[in-house]
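Asker: my questions concern the predicted model and sequence given below.
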There are 2 protein chains.
Amino acid sequence: MANKDKDISTEEKIKEAARVVFTKKGFAATRTRDIAEEAGLNLALLNYYFRSKEKLFHIIMEEKFEQFFGMIIRILNVAETSLEEKVQAITNDYIDMLLANPDLPLFVLSEIKNNPIIFSDRVSDRLLQSTFYQQLRAVRPDINVFHFILNLLSMIIFPILAQPIICQIEAFKKDDFKKFIMQRKKMIPLWFKSMLSTELV
Amino acid sequence: MANKDKDISTEEKIKEAARVVFTKKGFAATRTRDIAEEAGLNLALLNYYFRSKEKLFHIIMEEKFEQFFGMIIRILNVAETSLEEKVQAITNDYIDMLLANPDLPLFVLSEIKNNPIIFSDRVSDRLLQSTFYQQLRAVRPDINVFHFILNLLSMIIFPILAQPIICQIEAFKKDDFKKFIMQRKKMIPLWFKSMLSTELV
DNA sequence: GGCTGTTTTAAATAAATGATTAAATATTAT
DNA sequence: ATAATATTTAATCATTTATTTAAAACAGCC
């Protein structure tokens, strides 16, 4: 084998370019030439290192799915933390992650819709067996607590999805958007708590 | 001019097929052949009636943007209704519309992101000048009430976006998803009210 | 029926794009 | 240093796909 440094370097350059372009434009809209250009490399190298556009895409997609779901699952499954602590942790860490990866949610939602494979690691099951889920059920045995999980994720993720719309509002420039989202770090846990104790008439 | 009925019929057949395919797959992933096939018509007719794939797409896109934003803007601008009534109306009507058009939100978000044009009718400005916005400010002058608008839309729209994920959960079959969303019609207004009266520490 | 303009069709064209090849260059091992 | 191996490049191929064309089918009208 040749120089390991260089091997990793070009292969990783391609993957990094693929991450950027695929998550920004999705599978169908990205051309292999876009990735090669983003990486500053010859087009043929994509097929040399990864056999095809599809194979490269699958690698990136799996990575991104793990990035999207992994953090949620891990936090919700911690046994020692309280409900409030989990909400706080999700809100904080997930907002930070999404601000650093604003293309991630739309990418994941789009590609799952195009190709609703059964998740290899059964994300959904792990969610339903999480300690968070059990803790919620203990507080609100009267309703399907999946509503609350969805509300929490909605309030965190949707504003990121809507960023291109929100940023067209006069009052919002690039910087303001980040500030606006950061404000939510404090408020979402409070709102969540209020919702959780809302009586259904 | 020849038979008007037939003119409208084929032209409308193409538009209807284009609505279905474009909203399901987005611009890049749909081939003109897909639309022709969906319409049951010869491929060349697309270019005969509409000059190009792009021109046809723009027509559908404008339609869909109006469908997505129009109802919100109209309800939020009614002068006579109370805050509670507006929340109730948005929740009810918008959930119904989205259940009938589940591909709409992802389509709109994707295409706006690809091409963040300034909206011709200034959706964002109309939102900031709506009576709903003023009513919210009257109740909560202490914080940026755009947070509340976003929370409301998040809780309504995000579950539809996440349907392909949600429906992989064992407990959710197609029918259950609709029931689940319908339950939210009653709860979202109550949750919203709770959030609105949440004190920030 | 025959003329006129419109609509539809099948086939041709041209551009875009994923993939391959063969030669050139660089790296490693002997 | 030299052979062997691995990587990179430019050019090309093959396929897909949007668009055009030219002729056929059709409708309305005198």
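Answerer: Sure, I can see it. Numbering: from 1, shown residues only, chains lettered A, B, ... in the order given.
Asker: hey, let's count contacts and neighbours off CA atoms from now on
Answerer: Will do.
Asker: buried residues in the longest helix along chain A, which are they?
Answerer: Ranked by number of residues, the top helix in chain A under DSSP state H is helix A:4-29. Residues A:10-11, A:13-27, A:29 are the ones in helix A:4-29 that count as buried (16 or more other CA atoms under 10 Å in any protein chain shown).
Asker: got it, and stretch A:78-85?
Answerer: The neighbour-count check on stretch A:78-85 (16+ other CA under 10 Å) flags A:Leu83 as buried.
Asker: returning to that earlier point: and the angle for the longest helix of chain A with helix B:4-29?
Answerer: With axes from the mean of the first three to the mean of the last three CA atoms, to 10 degrees as the basis, helix A:4-29 and helix B:4-29 are set at 170 degrees to each other.
Asker: for helix A:4-29, packing partners?
Answerer: If contacts are counted by 3 or more CA pairs under 8 Å, 6 or more residues apart in numbering or on different chains; DSSP states H and E, helix A:4-29 sits against helix A:32-39, helix A:53-76, helix A:104-114, helix B:4-29.
Asker: give the closest residue to A:Ile160 in space, chain neighbours not counted.
Answerer: In space, not counting the residues next to it along the chain, A:Ile160 is nearest to A:Pro102; the distance is 6.4 Å by CA to CA, 6 or more residues apart in numbering or on different chains.
Asker: and chain A, what are its domains?
Answerer: The record, using automatic domain parsing to delimit domains, assigns chain A the ranges A:1-51, A:60-197.
Asker: mean pLDDT lowest where, among these?
Answerer: In terms of mean pLDDT, the lowest-scoring of the domains of chain A is domain A:1-51 (a mean of 88).
Asker: wait, what's in contact with the residue nearest the centre of chain A?
Answerer: Centroid-nearest residue in chain A: A:Phe68, 3.0 Å away (criterion: CA atoms, centre = their mean). With contact taken as CA atoms under 8 Å, 6 or more residues apart in numbering or on different chains, A:Phe68 is in contact with A:104-105, A:108.
Asker: reformat those as CSV; add neighbour count and distance to A:Arg33.
Answerer: Output for the contacts of A:Phe68, formatted as CSV (neighbours: other CA atoms under 10 Å in any protein chain shown; distance: CA to CA, whole Å):
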residue, neighbour count, distance to A:Arg33
A:Leu104, 24, 22
A:Pro105, 18, 24
A:Val108, 22, 22
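Asker: tell me, how many residues neighbour A:Ser197?
Answerer: Other residues lying near A:Ser197 total 12 when counted by other CA atoms under 10 Å in any protein chain shown.
Asker: what do you get for A:Ile90?
Answerer: 22.
Asker: now A:Phe158: closest residue in space, sequence neighbours ignored.
Answerer: Among residues not flanking A:Phe158 along the chain, B:Ser154 sits closest, at 5.5 Å (CA to CA, 6+ apart).
Asker: which SSE is the one you found in?
Answerer: Secondary-structure assignment from DSSP states H and E places B:Ser154 in helix B:146-161.
Asker: and the next helix or strand past that helix?
Answerer: Counting by DSSP H and E, the element after helix B:146-161 in chain order, helix or strand, is helix B:163-166.
Asker: so what touches that next one?
Answerer: By CA under 8 Å, 6+ apart, the list of residues contacting helix B:163-166 from outside reads A:109, A:112-113, A:116, A:124, B:172, B:177.
Asker: one more time with 10 Å
Answerer: Outside helix B:163-166, the residues within contact range by CA atoms under 10 Å, 6 or more residues apart in numbering or on different chains are A:108-119, A:123-124, A:146, A:150, B:102, B:159-160, B:172-174, B:177-178.
Asker: about what we covered before: how near is the residue nearest to the centre of chain A to B:Trp191?
Answerer: Here the distance between A:Phe68 and B:Trp191 works out to 26 Å (CA to CA, to the nearest Å).
Asker: A:Arg74 now?
Answerer: When CA to CA is the yardstick, A:Arg74 and B:Trp191 sit 27 Å from each other.
Asker: ok, the two, which is more surrounded?
Answerer: Under the neighbour definition other CA under 10 Å, A:Arg74 and B:Trp191 were set side by side, and B:Trp191 has more, 23 against 13.
Asker: which strand or helix spans the more buried one?
Answerer: Using DSSP H and E, the element containing B:Trp191 is helix B:174-196.
Asker: helices or strands up against that helix?
Answerer: Contacting helix B:174-196 under the criterion 3 or more CA pairs under 10 Å, 6 or more residues apart in numbering or on different chains; DSSP states H and E are the following elements: helix A:146-161, helix A:174-196, helix B:83-100, helix B:146-161, helix B:163-166.
Asker: please redo it, this time with the cut-off set to 8 Å
Answerer: Contacts defined by 3+ CA pairs under 8 Å, 6+ apart place helix B:174-196 against helix A:174-196, helix B:83-100, helix B:146-161.
Asker: close to chain B: what parts of chain A are there?
Answerer: A:25, A:28-29, A:106, A:109-110, A:112-114, A:116, A:118, A:124-125, A:147, A:150-151, A:154-155, A:158-159, A:161-162, A:164-166, A:168-170, A:184, A:187, A:190-191, A:194-195, A:198, A:200 (CA under 8 Å from any CA of the partner chain).
Asker: filter those residues to the buried ones?
Answerer: A:25, A:29, A:106, A:109-110, A:112-113, A:124, A:147, A:150-151, A:154-155, A:158-159, A:161-162, A:164-166, A:168-169, A:184, A:187, A:190-191, A:194-195, A:198.
Asker: so who does the residue nearest to A:Phe158 touch?
Answerer: Contacts were defined as CA under 8 Å, 6+ apart; by that measure B:Ser154 touches A:151, A:154-155, A:158-159.
Asker: kindly recompute the last result at 6 Å.
Answerer: A:154-155, A:158 (CA atoms under 6 Å, 6 or more residues apart in numbering or on different chains).
Asker: likewise for A:Asn92?
Answerer: A:Asn92 sits next to A:Lys185 when contact means CA under 6 Å, 6+ apart.
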